[in-house]
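A.B. asks: pasting a predicted model and its sequence here:
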Amino acid sequence: MKGLVYVSEATMKFDQTKLANLTLKASNKNKLLKITGYLYYEKNRFIQYIEGDDLSIDALFENIKKDQRHNVINVISQEINKRRFPAWQMNQLKKEDFVRTKMEHLITDLLLLKRNKTVDKENEWDRMAWEMIDRMAKLRTMVYKYPFA
């Protein structure tokens, strides 16, 4: 099983309607593929986390990279033993969901910094990004009594 997170720059404007449609389509597709995760959009950038079977994640990410609505800037992945977001086929996280934590900004910044070739502690950047995603998963279980479907 694999977890993958990427940051990308939108090539077009996304309003709430377009984001809701994108999330709904992704959720339906992910349900069939047994993939879970979330999508976050702010300041013309996406951050998406997906998890599932290695082959399914690899195939889905190949399609994501080909999507002309955005350009992938950076990506990291890791093997995982269990899902971080088991009930979210594709949950759209909104800015107000992170007013207290601002972890999405930190993850985005880490992935943007990682593309800088002068960064010498690449594994440390990856570790910090995964640690933040784990914290978000724990926060989800504390904040929401019932998982999203």
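C.D. replies: Right, received. Where do you want to start?
A.B. asks: which helices and strands sit right next to the longest helix along the chain?
C.D. replies: As assigned by DSSP state H, the longest helix anywhere in the chain is helix 122-143. Judged by 3 or more Cβ pairs under 8 Å, 6 or more residues apart in numbering; DSSP states H and E, the packing partners of helix 122-143 are strand 2-10, strand 70-79, helix 103-114. Glycine gets a C-beta too; all of them are placed from N, C-alpha and C.
A.B. asks: tell me the mean pLDDT for the longest one?
C.D. replies: Think helix 103-114. What helix 103-114 shows for mean pLDDT is 68.
A.B. asks: ok, Gln48 - contacts?
C.D. replies: Val5, Tyr6, Ser8, Gly37, Tyr38, Leu39, Tyr40, Ile64 (Cβ atoms under 8 Å, 6 or more residues apart in numbering).
A.B. asks: so where's the chain uncertain?
C.D. replies: Within the chain, the segments meeting pLDDT under 70 span 94-106, 109-110, 113-122, 139-149.
A.B. asks: distance between stretch 58-70 and the chain's centre?
C.D. replies: Stretch 58-70 sits 13 Å away from the centroid of its parent chain (Cα atoms, centre = their mean, to the nearest Å).
A.B. asks: now swap in stretch 37-44 and tell me
C.D. replies: Mean-position distance between stretch 37-44 and its chain equals 7 Å (Cα atoms, centre = their mean).
A.B. asks: this completes my enquiry, with thanks.
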